[in-house]
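Enquirer: Next comes the sequence, and after it the predicted model I'd like to discuss.
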Protein chains: 2
Amino acid sequence: MINLSYATFQTEFNALVADEWSCLFDLNHEKLNLKNRNTATKKFQTIIESVFILSNSKGFQAMTMRDLSQQSGVSMGGLYKYFSNKTQIAAMIHGALVHMAEICLNNTETRDQDPIFELNELLARHIYLSERLKKWFYFVFMESKCLDKQLKEKIMASEQYMEATLLNRINAANDQGLSQCSNPDFVAAMLKVMLQEWYLKPWKYQQKNISADQYVANLLFSAYQLLGVKS
Amino acid sequence: MINLSYATFQTEFNALVADEWSCLFDLNHEKLNLKNRNTATKKFQTIIESVFILSNSKGFQAMTMRDLSQQSGVSMGGLYKYFSNKTQIAAMIHGALVHMAEICLNNTETRDQDPIFELNELLARHIYLSERLKKWFYFVFMESKCLDKQLKEKIMASEQYMEATLLNRINAANDQGLSQCSNPDFVAAMLKVMLQEWYLKPWKYQQKNISADQYVANLLFSAYQLLGVKS
DNA sequence: CAAAAACGAATGAATGTTCGCTTTTTTTGT
DNA sequence: ACAAAAAAAGCGAACATTCATTCGTTTTTG
């Protein structure tokens, strides 16, 4: 039915955005006057991974710069070569994630096909993206409060766009007689929540040894039931 | 099918725990040496409601005691009559919510009935409880990081108990031939997420003018589909 | 008039950020 | 090919600010 697995998605991802750390470099090196791409990319990785560890355990606001310095092994002064202040760390992470998500999710050359197929594709692609960038998605969900209004609105808008797209596909399927869904708005909202579950409770599925591919299979099966897809 | 509405739940709630502020008083007045129940209950309300407002907009960690003093209209020194330190505010809120949830959700005298009916009852009851204590549930979900391990484990345990109960009812329905659900674990997890959606994105349903009762109706309908309940 | 509740300036600890300095890397001139 | 010089990256103690918390006093309540 759908020929996309996490493995194939990953090669696609690598081709489109290379990796998250160089993306971070590309978006910020100018303002920060960072010259050497190679060393800066590595430093971004160690710093941001430390941010994820600390904000995961105590929250971004509770993380101090001393914590971050110790966890990353980079000195106080050294850190400030990679961001201009603490709140900008969160802004950089959010900005880079929005950038990467736009690249990966708008990459659906498959337009005007079977709406059910497109829905499957969208759901699968989102799970795979949030699997690849699990820490990033979790951070953005939990710490979106410490953003300025502009970025916050950009996040909200991209979320609503996602839900609207889901709803659009459901309605199209209904119109074409492929499904009979009596509450499309509710189902679209539920599908979105089922996508979020994957990155909000990663420990749960690690514990049960459930892979992204298995989760997608279950998700698509449930989507068929909620949509009332005719077999 | 199920004779429980938000209105009837509320009278039941009022009978069981009176209201959240006096619950807060009952659980904490001894350690804090609060004598006058009436004034203390009112103060708890103004203080904790202010905590919810501030932590909603900037997060609990970012909220300062000066913020809280200004928002609530209670002086710096006055605040400390109602908790011994900042982290204890979060602990008190969590403790009271767990207490209230235990009272309300274990109040299912209807045991060993039709498992489908019991599932309906549990789902509906949880939505109604989280509707009544929306702010509380949201706070606990977002700010559980600033708790000591003991309380955090208590929260985790009660969450897992909820999911286990859902799973249990699904399996029972399958065994009795009332449903045919091929992935009970996944469906239990999804139902739990659908419960969380109600208090994590309250603005969404306020905007669309969807009441708790309407949400429950949609939720139960979807549950039937996911379970494959035979009509 | 006691006892309880409320006040808010004062205190000390902790936090984000800076800056003069050292080390490492890159570029340049021969 | 190599050293000298310039540029970039890294360091951490010092600074000003902000925060949670306290305590002597005043106000309110029963």
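Expert: Happy to help now that I have it.

Enquirer: To what extent is A:S144 buried, counted in neighbours?
Expert: Using other Cβ atoms under 10 Å in any protein chain shown, A:S144 has 15 other residues around it. The way it works is simple: take the backbone N, C-alpha and C, and place the C-beta from them, glycine included.

Enquirer: Surely it is in contact with A:K152?
Expert: Yes: in terms of Cβ atoms under 8 Å, A:S144 counts as a neighbour of A:K152; the distance is 6.1 Å.

Enquirer: what do those two both touch?
Expert: Counting by Cβ atoms under 8 Å, 6 or more residues apart in numbering or on different chains, no residue touches both A:S144 and A:K152.

Enquirer: which is the next helix or strand following the longest helix belonging to chain A?
Expert: The residue-count maximum for a helix in chain A (DSSP state H) belongs to helix A:149-175. Under the assignment DSSP states H and E, the closest C-terminal helix or strand after helix A:149-175 is helix A:184-200.

Enquirer: Pick out the residue in chain A sitting closest to DNA strand D.
Expert: A:G77 (1.6 Å; Cβ to the nearest atom of the strand).

Enquirer: Quick one: residues contacting the residue lying closest to A:V193 once chain neighbours are set aside.
Expert: Residue nearest to A:V193 in three dimensions, not counting chain neighbours: B:E197, with 4.7 Å by Cβ to Cβ, 6 or more residues apart in numbering or on different chains. Taking Cβ under 8 Å, 6+ apart as the contact definition, B:E197 lies against A:A189, A:M190, A:V193.

Enquirer: average model confidence for stretch A:130-146?
Expert: For stretch A:130-146, mean pLDDT rounds to 96.

Enquirer: That stretch near DNA strand C anywhere?
Expert: No: figure legend: stretch A:130-146 not in contact with DNA strand C (Cβ under 7 Å from any atom of the strand); closest approach 11.1 Å.

Enquirer: That stretch close to chain B?
Expert: Yes: Stretch A:130-146 is in contact with chain B by Cβ under 8 Å from any Cβ of the partner chain, via A:M142, A:K145, A:C146.

Enquirer: that older thread, pLDDT added to the contacts of B:E197, as CSV?
Expert: Converted to CSV, the contacts of B:E197 look like this (pLDDT from 0 to 100):
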residue, pLDDT
A:A189, 98
A:M190, 98
A:V193, 98
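
Enquirer: Can I get those in TSV including distance to A:A91 and neighbour count?
Expert: Formatted as TSV, those follow (distance: Cβ to Cβ, whole Å; neighbours: other Cβ atoms under 10 Å in any protein chain shown):
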residue	distance to A:A91	neighbour count
A:A189	28	23
A:M190	31	23
A:V193	26	20
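
Enquirer: Can you tell me which residues in chain A are near chain B?
Expert: Near chain B, when you scan chain A using Cβ under 8 Å from any Cβ, you find A:57-59, A:61-62, A:142, A:145-146, A:182-183, A:185-187, A:189-190, A:193-194, A:196-197, A:204, A:208, A:218, A:221-222, A:225-226, A:228.

Enquirer: I'd like to know which of those residues are buried.
Expert: A:59, A:61-62, A:142, A:145-146, A:183, A:186-187, A:189-190, A:193-194, A:196-197, A:204, A:218, A:222, A:225-226 (16 or more other Cβ atoms under 10 Å in any protein chain shown).

Enquirer: if you skip the residues just before and after it, what's nearest to A:N183?
Expert: Once flanking residues are discounted, A:N183 sits nearest to B:N218: 5.5 Å by Cβ to Cβ, 6+ apart.

Enquirer: Just give me how far the longest helix of chain A sits from the chain centre.
Expert: Distance of helix A:149-175 from its chain centroid, counting by Cα atoms, centre = their mean, to the nearest Å, is 14 Å.

Enquirer: Could you list the buried residues of it?
Expert: Buried residues in helix A:149-175 (16+ other Cβ under 10 Å): A:151, A:155, A:162-163, A:165-167, A:169-174.

Enquirer: Show me which of the residues you listed is closest to DNA strand C.
Expert: Of all these, DNA strand C sits closest to A:L151, with 16.7 Å by Cβ to the nearest atom of the strand.

Enquirer: Can you tell me how far the closest one is from A:H94?
Expert: With distances taken as Cβ to Cβ, to the nearest Å, A:L151 is found 5 Å from A:H94.

Enquirer: Name the residues contacting each of these two.
Expert: Joint contacts of A:L151 and A:H94 (Cβ under 8 Å, 6+ apart) do not exist.

Enquirer: what about A:S84, neighbour count?
Expert: If you count neighbours by other Cβ under 10 Å, A:S84 ends up with 14.

Enquirer: A:S231 too?
Expert: A:S231: 3 neighbours (other Cβ under 10 Å).

Enquirer: what stretches of chain A score poorly on pLDDT?
Expert: Filtered on pLDDT under 70, chain A yields the residue ranges A:1, A:107-112.

Enquirer: need the residues of it near DNA strand C, please.
Expert: Chain A has residues A:36, A:39, A:63-66, A:76-77, A:80, A:84-87 near DNA strand C, with proximity defined as Cβ under 7 Å from any atom of the strand.

Enquirer: repeat that for 6 Å
Expert: Counting by Cβ under 6 Å from any atom of the strand, chain A comes close to DNA strand C at A:N36, A:T64, A:M65, A:R66, A:M76, A:G77, A:Y80, A:N85, A:K86.

Enquirer: if I pick A:Y138, what's in contact with it?
Expert: Shown in contact with A:Y138 (Cβ under 8 Å, 6+ apart): A:N56, A:Y199, A:L200, A:P202.

Enquirer: Out of those residues, grab the one that's most surrounded.
Expert: The most crowded member of the contacts of A:Y138, judged by other Cβ under 10 Å, is A:Y199 (22 neighbours).
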